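>>> heads up, no residue letters with this:
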């Protein structure tokens, strides 16, 4: 072991939401932390979700009450800590007594035994009971309760086929998943953590009561030491166990591909649809980035490299056909403007299908007497990332008796230090100070940066003061902020993870951004983010 190797309390492998959440929590407890991510933050699963903080209404069908309760408890805890990137959303669940569902859930089996004459139908009272539980299991104080809609008179009915006359409307929350990851990383860095992107962990082995970790990054290969190691590799968690750490850890993941399509805007209101399929699956149709609609997701067992996941034509057509069974105007491949797919590392509980696999998480601690501990993180969902991080630190607590206790609940992420319902006021204030901003521009900046939007714009008296205009309201000033503060390195980092402006810029504009970033990289210190 190199005598001059840096020693840290905690070394985290993986820059997705679990890794960055754990790094933030640990740094806030006074631990020294290093996080290494082989690519960009949120480059894989954590930027490819359906982008919801939700309890998981359909998990009630599997009787996963503890998981649903924990997730429901978390919705408002997270909402008040990040009101710029998360906000309440109402979900419309159309109902027809003729709908049938082929399903092997515990609820379906129970119905088949008790009410065999239903033959796969879901009675209205059962759906209403599920929504009652959804309203009451968690600590709901901000979000409104479920109500029944008359689709003949409610605007939500206009986009649906006339056979749907009734719907139930309930609450969950939207979240910008990739910005959630970046803001957790930023806050971790502000509390002393070192965030190393484009840095691959080559090997990790126990030696002298510590972990000897070798990394390969932009500055070459180097060795570090850590008192504890966290494997938050997401879809690569088993690969880290086998090829990096080389231990015989128990547990494993089931790789499940979730694909989504983004279409032109399909309806005018700001509510989301919850569509139920005859195959037992559900699909959301969600207002997206103001001018689009997001439809997803699929549940397919994934083979091959996690980084190679993509939405297949079959998955695209499945989602379009699924939504078209509800929508008055069918949605077709010509309506699709973008697709994306991510691989979810679900804990392998031996379920019969990808849909039935648990969304719960497992924290497996390998802590032999006298040996440096290893914590492997299996599964999880974006809504429970903060609770997962608390659980991880609880597992590691015996190794760090001087660390302080849990602290993250309702503590704002960068830019989130304003009331949960204060976006409109903050946007108006921003436009008052910068009158050259359009409504869309100001709204986009507040939804990305919250109370830090003014810091992004600085003393600009007009758009020209913000430097080069890359298109879609993206300016040089914002790009420089993203490089200096948010670990951005490439056009994809900015256009598809720090924002979704890739939906608005053309190939020439994206190429111009990449060229600018390459030039910026040659500037001394420009590519080293500050907390």
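Yep, that arrived. A quick note: this is a predicted structure, and the numbers were derived from the prediction, not measured.
>>> hey, let's count contacts and neighbours off CA atoms from now on
Will do.
>>> residue 5 - how many residues pack around it?
Neighbour count for residue 5, taken as other Cα atoms under 10 Å: 15.
>>> any idea how far the closest residue to residue 276 other than its chain neighbours is from residue 409?
Distances taken as Cα to Cα, 6 or more residues apart in numbering place residue 282 nearest to residue 276, at 4.6 Å, with adjacent residues excluded. According to Cα to Cα, to the nearest Å, residue 282 stands 31 Å off from residue 409.
>>> same question for residue 210.
Applying Cα to Cα to residue 210 and residue 409 gives a distance of 31 Å.
>>> and these two? Which one has more around it.
Neighbour comparison, residue 210 and residue 409: the larger count goes to residue 210, with 22 against 14 (by other Cα under 10 Å).
>>> in the sheet, who's paired with that one?
residue 207 (DSSP bridges).
>>> that one contacts residue 226, doesn't it?
Yes: contact status for residue 210 versus residue 226: in contact at 5.6 Å, counting by Cα atoms under 8 Å.
>>> next, count neighbours for residue 333.
Neighbours of residue 333 using other Cα under 10 Å come to 12.
>>> repeat for the one 4 residues further on
Here the count is done by other Cα under 10 Å, and residue 337 has 13 residues near it.
>>> now the nearest residue to it once chain neighbours are set aside. Its backbone dihedrals?
Of all residues not flanking residue 337 in the chain, residue 263 sits nearest, at 5.3 Å (Cα to Cα, 6+ apart). Per-residue torsions, residue 263: phi -120, psi 170 (degrees, to the nearest 10).
>>> contacts only, for residue 263.
With contact set as Cα atoms under 8 Å, 6 or more residues apart in numbering, residue 263 has these partners: 292, 293, 294, 295, 335, 336, 337, 338.
>>> contacting residues around stretch 458-467?
By Cα under 8 Å, 6+ apart, stretch 458-467 touches 434, 436, 437, 457, 475, 476, 477, 478.
>>> I'd like the mean pLDDT over it, please.
Throughout stretch 458-467, pLDDT has a mean value of 97.
>>> how about the strands in the stretch 201-350 of the chain?
210-217, 220-231, 253-264, 272-276, 282-288, 292-296, 300-301, 336-347 (DSSP state E, counting those that start in this stretch).
>>> just put these in JSON lines and tack on mean pLDDT and distance to residue 72.
Shown next, in JSON lines, are the strands of the stretch 201-350 of the chain (pLDDT from 0 to 100; distance: least, Cα to Cα, whole Å):
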{"stretch": "strand 210-217", "mean pLDDT": "97", "distance to residue 72": "37"}
{"stretch": "strand 220-231", "mean pLDDT": "97", "distance to residue 72": "27"}
{"stretch": "strand 253-264", "mean pLDDT": "94", "distance to residue 72": "22"}
{"stretch": "strand 272-276", "mean pLDDT": "95", "distance to residue 72": "17"}
{"stretch": "strand 282-288", "mean pLDDT": "96", "distance to residue 72": "18"}
{"stretch": "strand 292-296", "mean pLDDT": "97", "distance to residue 72": "21"}
{"stretch": "strand 300-301", "mean pLDDT": "88", "distance to residue 72": "26"}
{"stretch": "strand 336-347", "mean pLDDT": "92", "distance to residue 72": "20"}
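>>> quick one on the thing from earlier: what's the neighbour count on the residue nearest to residue 276?
18.
>>> pretty sure it contacts residue 295?
No: look at residue 282 against residue 295 with Cα under 8 Å: they stay out of range, at 10.6 Å.
>>> for residue 51, see how far away the spatially most central residue of the chain is.
Nearest residue to the geometric centre of the chain (Cα atoms, centre = their mean): residue 177, 3.2 Å. Per Cα to Cα, residue 177 is found 6 Å from residue 51.
>>> try residue 430
From residue 430 to residue 51 the distance is 26 Å (Cα to Cα).
>>> report the contact partners of residue 225.
Here residue 225 is in contact with 5, 6, 7, 8, 210, 211, 212, 213 (Cα under 8 Å, 6+ apart).
>>> right, I'll leave it there.
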